[in-house]
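Engineer: below are the sequence and a predicted model for it; my questions follow.
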Amino acid sequence: MPSEITVLALSGILMLAHIFAATHYKTKQYGVDWNMGARDEDTEPLNDLAARLDRARGNFLETLPLAIIALFGVVLAGKATDLTALAAWVWLGARLVYLPLYWTGVPKVRTYVWAVSLLALLYVLGVLLLG
């Protein structure tokens, strides 16, 4: 299996980690009844930790489609190379590091790590579009 597809499969596990972490801390704040209910009621703003995890989850879900397009695209187009595989692993590694940085509230470094992940995907998109 191409590395780019392996990275996408692993990103599914990372997506679940984001979702479960965010939901766990929301449930700690709002309670199990909230989690198991319709969630129609007004709630107080999330505490800092739950809010950070919710934003991290949202950020991952915003960028994951770009990764799917880029990584699956180069494989489908027959343009996958050792460098696109490396970029895929760099993207996944940066996204793995991003979650605990956001979780613990580390400023600036988190943004640099996000930028590394974006640059890795932009490289793969460039290969996909320009060959």
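Structural biologist: Yep, that arrived.

Engineer: tell me the pLDDT at the nearest residue to residue 56 once chain neighbours are set aside?
Structural biologist: The spatial neighbour of residue 56 that comes closest, neighbours along the chain excluded (Cβ to Cβ, 6 or more residues apart in numbering), is residue 102 at 4.0 Å. All C-beta atoms are positioned from the backbone trio N, CA, C, and that covers glycine. pLDDT, residue 102: 96.

Engineer: mind listing residues that contact the helix or strand harbouring residue 102?
Structural biologist: Secondary structure from DSSP states H and E places residue 102 in helix 82-103. Residues outside helix 82-103 that contact it (Cβ atoms under 8 Å, 6 or more residues apart in numbering) are 2-4, 7, 10-11, 14, 17-18, 21, 49, 52-53, 55-56, 59-60, 63, 67, 71, 74, 109-110, 113-114, 116-117, 120-121, 123-124, 127.

Engineer: ok, now with 7 Å
Structural biologist: Here helix 82-103 makes contact (Cβ atoms under 7 Å, 6 or more residues apart in numbering) with 3-4, 7, 10-11, 14, 17-18, 52-53, 55-56, 60, 67, 71, 74, 109-110, 113-114, 116-117, 120-121, 123-124, 127.

Engineer: noted, bye for now.
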